[in-house]
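Undergrad: coords below, sequence missing:
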């Protein structure tokens, strides 16, 4: 068959489809309003009541469908058979779930890594002020030297903040505290969730701590924690989309945050291992529902730099050069993740 004949046949099929009328979706088929679909797709939507056409636009890309017609056009050159959009009882265009999925798959093609970026990093030094966190000690020259978790966390956080600011002058690098103060857990989470972001920007939450084993002085080493993958939160405003799809969107975002949190944790663990692995011990990645991790609506991890209850490790954690290496390890892990996130 010649190209001319193939094109003519395709044109005929399209014309026939455009003139087809399909029955309204069965009651069991879920639908979403065109307005809610646009919000979920982060698209602009245009509705022409005369031609009965609905056009969704994201950047330079568009998808177009028509009430009662089982065809959707992508960028005015591709066509696909679909479940036809209908009119609701209040005269508003609605889309079957199958059509919404096709639109979502189409626009996802253009959501390349360069389209998304890390807009902010929030560093959270654990404890502070009246809350010293875990307390350990070691003996030097016959004197007992106390070691406080809050000081370890702040020293590493300030060093990490400086490293990140130099590398990312275009990103917001934030601290929940920059001195010996005590923001509550609620304050820390509220600050994280309230950071303003531009369209297609993401924020990371990095909580820094030191560990303790009160009844055993032998444990030592560093750990990186993330939220258990089966934990579920309300990440999306309930008014952001219709009830029919809000739980689907929320689940998708939870899975995305979970995957990214694990990647951040792995990169930081590797970064610390390269910096302090010869002096300390990599105890690996772990899961737990820490308050700040489960309430921060973003990819988040909690880092335990070592055990202050182990005298040898307490001494290391009270050494400025060692803490600088901890900060460098976290920094190396974060930059590796950010590079992958923004270019993959």
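TA: Happy to help now that I have it. What you see is a predicted model; the values in this text were computed from it and never measured.
Undergrad: shouldn't residue 305 be in contact with residue 152?
TA: Yes. Counting by Cβ atoms under 8 Å, residue 305 does reach residue 152; the two are 6.3 Å apart. The C-beta positions use only the backbone N, C-alpha and C, and glycine is treated the same way.
Undergrad: shared neighbours, the two?
TA: Common neighbours of residue 305 and residue 152 (criterion: Cβ atoms under 8 Å, 6 or more residues apart in numbering): 210, 317.
Undergrad: Which neighbouring elements make contact with the strand or helix carrying residue 266?
TA: Assigned by DSSP states H and E, residue 266 falls within helix 243-276. Applying 3 or more Cβ pairs under 8 Å, 6 or more residues apart in numbering; DSSP states H and E, we find helix 243-276 packed against strand 31-33, helix 34-41, helix 97-108, strand 201-211, strand 222-226, strand 282-287, strand 300-307, helix 320-343.
Undergrad: And the pLDDT for residue 28?
TA: With respect to pLDDT, residue 28 scores 52.
Undergrad: what pLDDT, on average, does whichever strand or helix holds residue 120 get?
TA: Under the criterion of DSSP H and E, residue 120 resides in strand 117-125. Average pLDDT, strand 117-125: 96.
Undergrad: what angle separates that strand from strand 300-307?
TA: Inter-element angle recorded for strand 117-125 and strand 300-307: 40 degrees (by axes from the mean of the first three to the mean of the last three Cα atoms, to 10 degrees).
Undergrad: contacts for strand 117-125?
TA: Contact partners of strand 117-125, identified using Cβ under 8 Å, 6+ apart, comprise 150, 153-154, 156-158, 160-161, 164, 168, 171-177, 188, 191-192, 195, 197-198, 200-208, 292, 334, 338, 341-342.
Undergrad: ok, now stretch 91-108?
TA: Outside stretch 91-108, the residues that touch it by Cβ under 8 Å, 6+ apart are 25, 29-35, 37, 40-41, 43, 47, 54, 56, 58, 61, 63, 65, 67, 72, 74, 80, 82-88, 244-245.
Undergrad: buried sites along that stretch?
TA: Residues of stretch 91-108 classed as buried by neighbour count (16 or more other Cβ atoms under 10 Å): 93, 94, 95, 96, 97, 99, 100, 102, 103, 106, 107.
Undergrad: do stretch 60-74 as well
TA: Buried, per 16+ other Cβ under 10 Å, within stretch 60-74: 62, 63, 64, 65, 66, 67, 69, 70, 71, 72, 73, 74.
Undergrad: Which among the contacts of strand 117-125 count as buried?
TA: For these, a neighbour count by 16+ other Cβ under 10 Å gives the buried set as 150, 153-154, 156-158, 160-161, 164, 168, 171-177, 188, 191-192, 195, 202-208, 292, 334, 338, 341.
Undergrad: Tell me the secondary structure at residue 309.
TA: In three-state terms, and counting by DSSP: H, G, I helix; E, B strand; the rest coil, residue 309 is coil.
Undergrad: nope, residue 231 is what I was after
TA: Three-state call for residue 231 (three-state DSSP): coil.
Undergrad: Residue 216: what's it in contact with?
TA: Here residue 216 is in contact with residue 309 (Cβ under 8 Å, 6+ apart).
Undergrad: Contacts only, for the nearest residue to residue 211 once chain neighbours are set aside.
TA: The spatial neighbour of residue 211 that comes closest, neighbours along the chain excluded (Cβ to Cβ, 6 or more residues apart in numbering), is residue 304 at 4.2 Å. Going by Cβ under 8 Å, 6+ apart, residue 304 touches 209, 210, 211, 222, 223, 224, 225.
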